[in-house]
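Asks: Got a sequence here, can you model it:
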Amino acid sequence: MPDLSINFAGIKSPNPFWLASAPPTNSGYQIMKAFDAGWGGAVWKTLGVPVVNVSSRYGGVNYRDKRLVGFNNIELISDRPLADNLREIEEVKKRFPNHAVIASLMVQSRQEWHDIVRQSQDAGADGFELNFGCPHGMCERGMGSAVGQEPKILQMIVEWVMEVATKPVIVKLTPNISDITEPAMAARRGGADAISLINTIQSIVGVDLDKFAPYPIVDGKGTNGGYCGPAVKPIALNMVKNCAQHPDVRLPISGIGGIENWRDAVEHILLGASSVQVCTAAMHFGFGIIREMTSGLEQYMVDKGFNTIYDFVGKALPNVLHWEDLNMKYKVTANIHEDKCIGCQLCYTACEDGAHQAIKLNAGTRVPEIIEENCVGCNLCSLVCPVEDCITMDRTDSGTEHLTWKERVEAGTAPTEFNDERAGGRHHWVPEPAAALGKERHKTLPGKARVYSGETEAPAEV
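Replies: Just a heads-up that it's a prediction; the model follows:
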């Protein structure tokens with residue numbers, strides 16, 4: 001069987017699944033319960049000068065029948081006395097010596113950083129995560145994302161910590177910045193052993209239409225909070241990739257953001273993470289989700305022939321290129337499989353109004369037809385189709401040619417003028433503007449045959 005254990009910047013754990021610093025890691029009770037269920041590590045809810053939180057604290061984004069696609073919180077760091085947390089850290093480590101217990105920290109002055117690092121080390125923490133990402137409440141006090149957005153300040157504080165730290169130091173980065181590699185490089189310059197990302201995204205998840213206040217509502221008012229959950233995974237994956245590919249970062253990465261199952265975790269790992277942290281999914285479904293996560297990851301590794309996590313850390317990175325390096329000769333064309341089509345014509349509507357008018361309707365049938373010469377292979381029709389594999393994107397080029405935009409520019413064959421004949425859409429058929437109006441409009445409505453010159457067929461190339 002594959003080995004799921006990891007050594008993340010010197011922090012060992014039986015598997016790569018850690019609970020992120022958040023409400024699920026608020027106490028030793030919760031963390032012991034999570035370890036007993038199978039989690040490999042936990043980042044303790046951020047320690048510092050205890051806060052006083054408000055009520056309510058959470059907001060959610062639901063989409064159709066899916067609850068909490070996005071999750072928002074205005075909760076701050078731990079509101080429990082430091083001594084209580086340190087005592088429980090010590091107890092957890094005694095009972096689970098082989099699991100990773102990381103102390104998340106957030107204070108202000110150099111002396112405070114020195115003091116809390118020393119105390120956390122004495123309690124038995126395996127490492128530290130410096131919280132430079134909180135986008136609400138703490139940033140107004142000069143901490144959290146206020147630090148993460150200032151690379152020089154971030155580097156300085158990391159240097160303070162490294163003066164006394166004898167355990168690995170992880171810097172947690174904020175996504176609320178234009179280029180996340182800047183603070184990542186600052187963390188390296190400061191001497192950090194690793195980085196974790198992403199922290200939550202500054203957000204407002206909705207507004208009460210009757211009370212005229214943003215969610216969550218606190219006595220008729222509200223504020224921006226931190227956004228997380230499945231909806232942020234694409235942003236997290238991109239930022240993990242950016243840090244993993246940057247030649248001046250070169251630090252182990254703990255991937256955070258939208259991880260709800262083993263597939264999400266593998267995606268983070270393939271883009272460069274060597275541990276992953278979970279918060280929203282644990283809050284939504286409970287600690288028991290770890291069973292599916294570990295078994296799914298294990299089976300994936302068996303299927304792929306991977307013996308350790310490190311066999312596939314960053315394995316997708318060589319395939320992540322700049323746009324200018326993609327093959328412009330590669331071509332796919334949509335193919336509607338009539339035996340699976342339910343006649344909803346959603347693909348037609350999407351292509352007609354949102355893409356390239358490459359699908360037509362024929363009289364006597366509700367099955368749309370691809371206008372192959374107009375199909376650009378954008379993939380929209382297959383994405384909106386409600387039936388699995390009803391629309392496939394089939395490769396239609398010869399497979400023998402390779403040409404990139406960079407090569408076109410270097411060869412002088414790229415469009416350079418406003419009305420250049422070499423433009424990609426120069427010879428692409430589109431209806432005349434007037435066809436969208438009046439008597440002609442019925443010809444492009446769902447359920448109607450698409451008529452060209454009195455015939456239900458594709459037009460001749462113009």
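
Asks: which residues in this protein form helices?
Replies: For the chain, applying DSSP state H gives helices covering 28-37, 82-95, 110-123, 145-148, 151-162, 181-190, 233-245, 262-270, 280-285, 290-304, 346-354, 380-384, 405-411.

Asks: Buried deepest among these, which one?
Replies: Most buried of the helices of the chain by mean neighbour count (mean count of other C-beta atoms under 10 Å) is helix 145-148; its value is a mean of 25. For glycine as for every other residue, the C-beta is placed from the backbone atoms N, C-alpha and C.

Asks: hmm, who's touching that one?
Replies: 132-135, 138-140, 153-154, 157, 172-174, 176-177, 183, 199, 202 (C-beta atoms under 8 Å, 6 or more residues apart in numbering).

Asks: Please repeat the previous calculation with a cut-off of 6 Å.
Replies: 132-133, 135, 139, 153-154, 173-174, 176, 183 (C-beta atoms under 6 Å, 6 or more residues apart in numbering).

Asks: now do stretch 270-281
Replies: Contacts for stretch 270-281 (C-beta under 6 Å, 6+ apart): 6, 8, 16, 18, 20, 22, 71, 228-229, 237, 240-241, 244, 252-256, 259-260, 265, 268, 289, 313-316.

Asks: Just the buried residues of those.
Replies: Buried members of the contacts of stretch 270-281, scored by 16 or more other C-beta atoms under 10 Å, are 6, 8, 16, 18, 20, 22, 71, 228-229, 237, 240-241, 244, 252-256, 259-260, 265, 268, 289, 313-314, 316.

Asks: Show me those residues that map onto strands.
Replies: The members of the buried ones among the contacts of stretch 270-281 that map onto strands under DSSP state E are 6, 8, 18, 71, 228, 253-256.

Asks: Output those in a markdown table, with pLDDT and distance to Asp397 appended to each entry.
Replies: Output for these, formatted as a markdown table (pLDDT from 0 to 100; distance: C-beta to C-beta, whole Å):
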| residue | pLDDT | distance to Asp397 |
| --- | --- | --- |
| Ile6 | 98 | 41 |
| Phe8 | 98 | 43 |
| Trp18 | 98 | 44 |
| Phe71 | 97 | 43 |
| Cys228 | 97 | 41 |
| Ile253 | 98 | 36 |
| Ser254 | 98 | 40 |
| Gly255 | 98 | 35 |
| Ile256 | 98 | 39 |
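
Asks: and which of those residues is nearest Ala123?
Replies: Of all those, Ala123 sits closest to Trp18, with 18.1 Å by C-beta to C-beta.

Asks: follow-up on the earlier one: which one, of the helices of the chain, ends up nearest to Lys221?
Replies: helix 145-148 (21.4 Å).

Asks: could you give the mean pLDDT of that closest one?
Replies: For helix 145-148, mean pLDDT rounds to 84.

Asks: go on, stretch 341-361?
Replies: 95.

Asks: and for it, what are the contacting residues?
Replies: By C-beta under 6 Å, 6+ apart, stretch 341-361 touches 366-371, 374-376, 378, 380-381, 384-385, 387, 390, 444, 446, 449-450.

Asks: in this structure, which segments are predicted with low confidence?
Replies: Applying pLDDT under 70 to the chain picks out residues 137, 438-462.

Asks: change it to 90
Replies: Along the chain, the parts satisfying pLDDT under 90 run over 133-148, 363, 373, 424-462.

Asks: what about Asn199, neighbour count?
Replies: Applying other C-beta atoms under 10 Å, we find 26 residues neighbouring Asn199.

Asks: let me redo that: Asn7
Replies: Applying other C-beta under 10 Å, we find 14 residues neighbouring Asn7.

Asks: How about the contacts made by it?
Replies: With C-beta under 6 Å, 6+ apart, Asn7 has no contacts at all.

Asks: got the contact list for Leu154?
Replies: 132, 147, 183, 186.

Asks: How about the second one, nearest residue that isn't a chain neighbour?
Replies: In space, Val147 comes closest to Phe132 once its chain neighbours are excluded; the distance is 4.5 Å by C-beta to C-beta, 6 or more residues apart in numbering.

Asks: just to revisit the earlier point, as TSV, the helices of the chain with distance to Ser104 would be great.
Replies: Shown next, in TSV, are the helices of the chain (distance: least, C-beta to C-beta, whole Å):
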stretch	distance to Ser104
helix 28-37	12
helix 82-95	10
helix 110-123	10
helix 145-148	13
helix 151-162	12
helix 181-190	15
helix 233-245	18
helix 262-270	19
helix 280-285	16
helix 290-304	20
helix 346-354	43
helix 380-384	38
helix 405-411	43
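
Asks: right, and those - which one's nearest Val101?
Replies: Checking these against Val101 by C-beta to C-beta gives helix 82-95 as the closest, at 5.6 Å.

Asks: Next up, the contacts around the residue positioned nearest the centre of the chain.
Replies: Centroid-nearest residue in the chain: Lys233, 1.9 Å away (criterion: C-alpha atoms, centre = their mean). Neighbour list for Lys233: 257-258 [criterion: C-beta under 6 Å, 6+ apart].

Asks: Then Leu68?
Replies: Taking C-beta under 6 Å, 6+ apart, one finds 60, 229, 284 in contact with Leu68.

Asks: repeat that with 7 Å
Replies: Leu68 is in contact with 60, 62, 229, 280, 284, counting by C-beta atoms under 7 Å, 6 or more residues apart in numbering.

Asks: Tell me the one of the residues you listed nearest Gly399?
Replies: Gly229 (40.1 Å).

Asks: I'd guessed that closest one sits against Gly258; true?
Replies: Yes. If you go by C-beta atoms under 7 Å, Gly229 and Gly258 touch, sitting 6.5 Å apart.

Asks: follow-up on the earlier one: quick check on the residue nearest to Val147: phi, psi?
Replies: Backbone dihedrals for Phe132, given as degrees, to the nearest 10, come out at phi -110, psi 30.

Asks: and the gap between it and Glu338?
Replies: Separation of Phe132 from Glu338 (C-beta to C-beta, to the nearest Å): 55 Å.

Asks: Please apply the same query to Gln119.
Replies: Going from Gln119 to Glu338 by C-beta to C-beta gives 69 Å.

Asks: out of Phe132 and Glu338, which sits in the busier spot?
Replies: Set side by side, Phe132 and Glu338 show more neighbours around Phe132, with 28 against 11, by other C-beta under 10 Å.

Asks: Pretty sure that one sits against Lys172.
Replies: Yes. Applying C-beta under 7 Å, one finds Phe132 in contact with Lys172, separated by 5.9 Å.

Asks: Let me see the contact set for the residue lying closest to Ala125 once chain neighbours are set aside.
Replies: Nearest non-adjacent residue to Ala125, counting by C-beta to C-beta, 6+ apart: Ala103, 4.1 Å away. For Ala103, the contact set (C-beta under 7 Å, 6+ apart) comprises 44, 47, 89, 120, 125, 128.

Asks: ok now do the fifth one, which residues does it touch?
Replies: Read it as Ala125. Ala125 sits next to 89, 101-103, 167 when contact means C-beta under 7 Å, 6+ apart.
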